[in-house]
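> Got a sequence here, can you build the structure:
(one chain, ligands or ions: 1)
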Amino acid sequence: MMHSNEGTEKIIDEEVQGTTLTLEENKDNSKKLYIESYGCQMNFSDSEIVASILAKEGFNTTQDMAEADLVLVNTCSIREKAELTVRKRLEKFNAVKKTNPGMKVGVLGCMAERLKSKFLEEEKIVDMVVGPDAYKDLPNLIQEIDEGRNAVNVILSKDETYGDVAPVRLNSNGVTAFVSITRGCDNMCTFCVVPFTRGRERSRDPQSILEEVNDLWERGFKEITLLGQNVDSYLWYGGGLKKDFEKATEMQKATSVNFAKLLEMTAMAQPKMRIRFSTSNPQDMTLDVIETMAKHRNICNYIHLPVQSGSNRILKAMNRLHTREEYFELIDNIKKIIPDCAISQDMITGFPTETEEDHQDTLSLMEYVKYDFGFMFAYSERPGTLAERKLDDDIPEETKKRRLRDIIDLQQKHSLYRTQQHMGQVEEVLIEGFSKKSDAHWMGRNSQNTVVVFPKENYKVGDFVNVKINECTSATLIGEAVGLSEYN
Ligand code: SAM
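This is a model prediction of the structure:
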């Protein structure tokens, strides 16, 4: 993966890939858990649920694999490279097991779901395989492996949202947090493995979402990101799959909550808390969401709006259910309603049959939108997807790479163009922590999700500070504080 804005990625952050998660020690717990996460933010969020479930089972977390009773790896299947990374880690676990023979190894997440019990045959080191909807079964599965048997649960659920599990915040900055609102995906993009590994789409009870947000506020958090594969498709009507909404009663339909409503409820529940959301699928994003964003100052002016390709022919082959023209209309509406709204993209180069003309369409779409930043990938064929079954992966690696280079270079240019627009402005920044490059500077983000660094003075983590922007790179704004924001 390449992206043009170090540190802004809320979906797949290369820097946090493989991060071990730790939580506060409970003195009564005697067993040690080492948990490592890969992939999208949803996986990191799931690991917080897993740690919460296991804290009740006598586990404290550790950063030292050599002393762990249980090693868990939460895996990603989105591209082949993600799976290869996990295979490499398993080799490392195997080496550690030689000095720590009592250690058990469990594989969680999308790769567990995709490979199921095949994992146990292929990777002799693995004792336990658990899919994304089966984490509540972990206590039973751990008992199985403790008794010397292998354990597998990869059953996908119609209604599991973990709404009743209070996630523990692992390695948190104490300022920003993710709140999961939907699970699974019904979109069936032909390149994507997610519908197979995370199951059908279901939404979480809004009441439990609001409780989690209120609790985060009470504990000092200042920003939340509502999280799902396709948040705009959120629909609560008392539980159940999104696809079964048609069968709901009139009463359920009348009292249902869609994403715009949920966004508004969240913004109003905590008017001083910054609200973000990710990811939006263009086909599901409606005007009422954009209008709700415009209405509430605490909803940030930033939309991650993956398009994947600028060619109508390729969009169709990908089963993205909108055209290039409809996408432009959406962009125009966003810019009309929220003129300073930042927009970012995900793009795939080298999807089967992609021609130079299709590639040029992608470049011209980017030229039209001039995204603030983006996350760009070469197509990776995934087993079981519709594209794998129906289409040849016929674009040579060099061509995929060259096209990827083209779009990254163009994105770089646009990112710089966008950051330059902030020069001279005074913008509200929420301080998240130290700048990576300088101890004398704070790092935070403006509403548009662009990283801002500025001298610390007497400000502290969690403050909303007005910062005058004096310099920029394509990824970062550099400024100086002019005072605390009135919204602290
Ligand atoms: N649900 C979101 C959506 O609909 O766009 C994001 C899903 S995915 C976790 C993040 C990104 O990975 C996608 O937007 C896409 O650009 C990329 N991706 C997914 N499958 C891929 C594949 N087979 N090869 C290359 N990139 C892929």
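> Residues contacting stretch 359-371, please?
Here stretch 359-371 makes contact (C-beta atoms under 8 Å, 6 or more residues apart in numbering) with 307, 309-312, 314, 324, 327-328, 331, 343-345, 347, 349, 374, 403, 406-407, 410-411, 414-415, 417-418. Bear in mind the C-beta positions are built from the backbone N, C-alpha and C, glycine included.
> if you set the cut-off to 7 Å instead, what comes out?
Under the criterion C-beta atoms under 7 Å, 6 or more residues apart in numbering, residues 307, 309-311, 324, 328, 331, 343-345, 347, 403, 406-407, 410-411, 414, 417-418 lie in contact with stretch 359-371.
> Same question for stretch 285-296.
Under C-beta under 7 Å, 6+ apart, the answer for stretch 285-296 is 232, 259-260, 263-264, 267, 299, 301, 330, 333-334, 337-338.
> Make a PyMOL selection of the buried ones in the contacts of stretch 359-371.
Filtering the contacts of stretch 359-371 down to the buried ones (16 or more other C-beta atoms under 10 Å) takes a single PyMOL command:
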select buried, resi 307+309+310+311+324+331+343+344+345+347+403+406+407+410+411+414+418
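> taking the contacts of stretch 359-371 one by one, which sit in strands?
Taking DSSP state E as the definition of strands, the contacts of stretch 359-371 contribute 343-345, 347.
> Get me the contact residues on the stretch 51-200 of the chain for the ligand.
78-79, 191-192 (C-beta under 6 Å from any ligand atom).
> Could you check the pLDDT of residue 59?
We have a pLDDT of 94 for residue 59.
> Can you name the residue of the stretch 51-200 of the chain nearest the ligand?
Proximity of the stretch 51-200 of the chain to the ligand (C-beta to the nearest ligand atom) peaks at residue 191, 4.1 Å away.
> which residues touch the residue lying closest to that residue once chain neighbours are set aside?
If the residues on either side of it in the chain are set aside, residue 191 comes closest to residue 387, at 5.0 Å by C-beta to C-beta, 6 or more residues apart in numbering. Going by C-beta under 7 Å, 6+ apart, residue 387 touches 190-191, 352, 381.
> Which pLDDT value belongs to residue 387?
98.
> I'd guess residue 465 is in a strand, am I close?
Yes: residue state for residue 465 (DSSP: H, G, I helix; E, B strand; the rest coil) corresponds to a strand.
> Quickly note the distance from the residue nearest to residue 191 to residue 326.
In this view, residue 387 and residue 326 are 22 Å apart by C-beta to C-beta, to the nearest Å.
> Would stretch 217-233 count as contacting the ligand?
Yes: Stretch 217-233 comes into contact with the ligand (C-beta under 6 Å from any ligand atom), by way of 229-230.
> Counting neighbours, which bits of that stretch end up buried?
So stretch 217-233, judged by 16+ other C-beta under 10 Å, has buried residues 221-233.
> Return that stretch as CSV; C-alpha atoms alone will do.
Below are the C-alpha coordinates for stretch 217-233, written out as CSV (Å, rounded to 0.1, in the frame of the first residue of the first chain):
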residue,chain,number,x,y,z
TRP,A,217,-16.6,11.5,26.8
GLU,A,218,-16.8,10.9,30.6
ARG,A,219,-13.3,9.4,30.4
GLY,A,220,-11.9,12.4,28.7
PHE,A,221,-11.9,11.4,25.0
LYS,A,222,-12.5,14.3,22.6
GLU,A,223,-13.0,12.6,19.2
ILE,A,224,-14.7,9.4,18.0
THR,A,225,-14.8,7.8,14.6
LEU,A,226,-17.9,5.7,13.8
LEU,A,227,-16.6,2.7,12.2
GLY,A,228,-17.9,0.2,9.6
GLN,A,229,-17.0,-1.3,6.2
ASN,A,230,-19.8,0.9,4.8
VAL,A,231,-21.2,3.3,7.4
ASP,A,232,-23.7,5.0,5.2
SER,A,233,-25.5,1.8,4.9
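> mind listing what residue 57 touches?
Counted by C-beta under 7 Å, 6+ apart, residue 57 has contacts 139, 142.
> Go again with 6 Å.
Residues in contact with residue 57, defined by C-beta atoms under 6 Å, 6 or more residues apart in numbering, are residue 139.
> So it belongs to a strand, correct?
No: assigned with three-state DSSP, residue 57 falls outside any strand and is coil.
> I'd like to know how many residues surround the residue of the stretch 1-150 of the chain found nearest the ligand.
Distances between the stretch 1-150 of the chain and the ligand by C-beta to the nearest ligand atom are smallest at residue 40, namely 4.5 Å. When neighbours are defined as other C-beta atoms under 10 Å, residue 40 has 24 of them.
> just the one 5 residues further on next, same as before
A count of neighbours around residue 45, defined by other C-beta under 10 Å, yields 20.
> my guess is it meets residue 182, correct?
No: taking contacts as C-beta atoms under 6 Å, residue 45 lies outside contact range of residue 182: 11.7 Å.
> so where do the helices sit in the stretch 151-300 of the chain?
Taking DSSP state H, counting those that start in this stretch, the helices of the stretch 151-300 of the chain run over residues 194-198, 206-218, 250-254, 259-269, 287-295.
> my bad, the stretch 1-150 of the chain
41-55, 80-99, 110-115, 118-122, 138-146.
> any idea which of those is most buried?
helix 110-115 (a mean of 25; mean count of other C-beta atoms under 10 Å).
> what's that one in contact with?
Taking C-beta under 6 Å, 6+ apart as the rule, helix 110-115 contacts 75-77, 83, 86, 129-131, 154, 197.
> at 7 Å instead, please
Under C-beta under 7 Å, 6+ apart, the answer for helix 110-115 is 39, 75-77, 83, 86, 119, 129-132, 154, 193, 196-198.
> Please report which of those residues has the highest neighbour count.
Of the contacts of helix 110-115, with other C-beta under 10 Å as the count, residue 75 tops at 29 neighbours.
> any idea how the chain splits into domains?
Using the TED database, the domain parsing of the chain gives 15-153, 176-421, 423-484.
> The stretch 251-400 of the chain against the ligand: which residues are in contact?
279, 281, 306, 308, 346, 348, 377, 379-380, 382.
> If we use 8 Å, what do you get?
279, 281, 306, 308, 346-348, 375-382, 385, 387 (C-beta under 8 Å from any ligand atom).
> Show only the entries of those residues found in strands.
Counting by DSSP E, those contribute 346-348, 375-378 to strands.
> got TSV for the residues you listed, with distance to residue 30 too?
As requested, these are exported to TSV (distance: C-beta to C-beta, whole Å):
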residue	distance to residue 30
346	44
347	49
348	47
375	42
376	47
377	43
378	47
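> ok, and the most crowded of these?
residue 348 leads these on contacts (other C-beta under 10 Å) with 26 neighbours.
> wait, what's in contact with the residue lying closest to residue 322 once chain neighbours are set aside?
In space, and not counting its chain neighbours, residue 322 is closest to residue 283: 4.7 Å by C-beta to C-beta, 6+ apart. Applying C-beta under 7 Å, 6+ apart, we find residue 283 in contact with 320-322.
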